[in-house]
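1. quick one, fold the following:
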Amino acid sequence: MQSNALARRRGPFVPAAIMPAQLADRMRGQPPPEQRLMIAILADAVDCFQSRDRRLCREAEEWIMSDRYAGPFSFQHICSILQLDPTAVRDTLRRKQARHGATREPSAAGQLPA
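-> Numbering: from 1, shown residues only. This is a model prediction of the structure:
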């Protein structure tokens, strides 16, 4: 059993032990589960942004184009954790959208500053 002093030094969010499955993921070079979740969220947003469903597309566009850093699952925060440049991701999506002849008008959230 670990002492209270050791538990206080580690803090509330540092695990006392690592499970074999967690160690195996790290040894295989896979990102930790939290990052895999963030990758899945970003991939889903990109799929929705490219969707023909206007509602999904608009919601994804608002999330992607938002500069808010609100919460752990904001676009800005996910890009930061995954070491992606949010402006480069946005520019790439816009170029791809333009190449594929998007006919919809961009929303106010999709307007990038000049």
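2. any stretches of the chain with poor pLDDT?
-> Residues of the chain meeting the criterion pLDDT under 70: 1-19, 21-27, 101-114.
3. show me where it has helices.
-> 4-10, 20-27, 33-49, 54-65, 75-81, 86-99 (DSSP state H).
4. the last one to helix 33-49, inter-axis angle?
-> In this case it means helix 86-99. 30 degrees (axes from the mean of the first three to the mean of the last three CA atoms, to 10 degrees).
5. in helix 86-99, what's buried?
-> Of all the residues in helix 86-99, those buried under the rule 16 or more other CB atoms under 10 Å are 86, 89-90, 93-94, 97. (C-beta placed from N, C-alpha, C; glycine too.)
6. now the fifth one
-> Going by neighbour count (16+ other CB under 10 Å), the buried part of helix 75-81 is 75, 77-79.
7. for it, name the packing helices and strands.
-> With contacts taken as 3 or more CB pairs under 8 Å, 6 or more residues apart in numbering; DSSP states H and E, helix 75-81 sits against helix 33-49, helix 54-65, helix 86-99.
8. can I get the CA coordinates of the longest one in CSV?
-> By that I understand helix 33-49. The C-alpha coordinates for helix 33-49 follow below in CSV (Å, rounded to 0.1, in the frame of the first residue of the first chain):
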residue,chain,number,x,y,z
PRO,A,33,-6.4,6.3,-25.8
GLU,A,34,-7.1,10.0,-25.3
GLN,A,35,-5.3,10.9,-28.5
ARG,A,36,-6.9,8.1,-30.4
LEU,A,37,-10.3,9.6,-29.3
MET,A,38,-9.2,13.0,-30.5
ILE,A,39,-8.1,11.6,-33.9
ALA,A,40,-11.4,9.9,-34.3
ILE,A,41,-13.3,13.2,-33.4
LEU,A,42,-11.2,15.1,-36.0
ALA,A,43,-11.7,12.4,-38.6
ASP,A,44,-15.5,12.5,-38.1
ALA,A,45,-15.5,16.2,-38.3
VAL,A,46,-13.7,16.1,-41.6
ASP,A,47,-16.1,13.5,-42.9
CYS,A,48,-19.1,15.6,-41.8
PHE,A,49,-17.5,18.8,-43.4
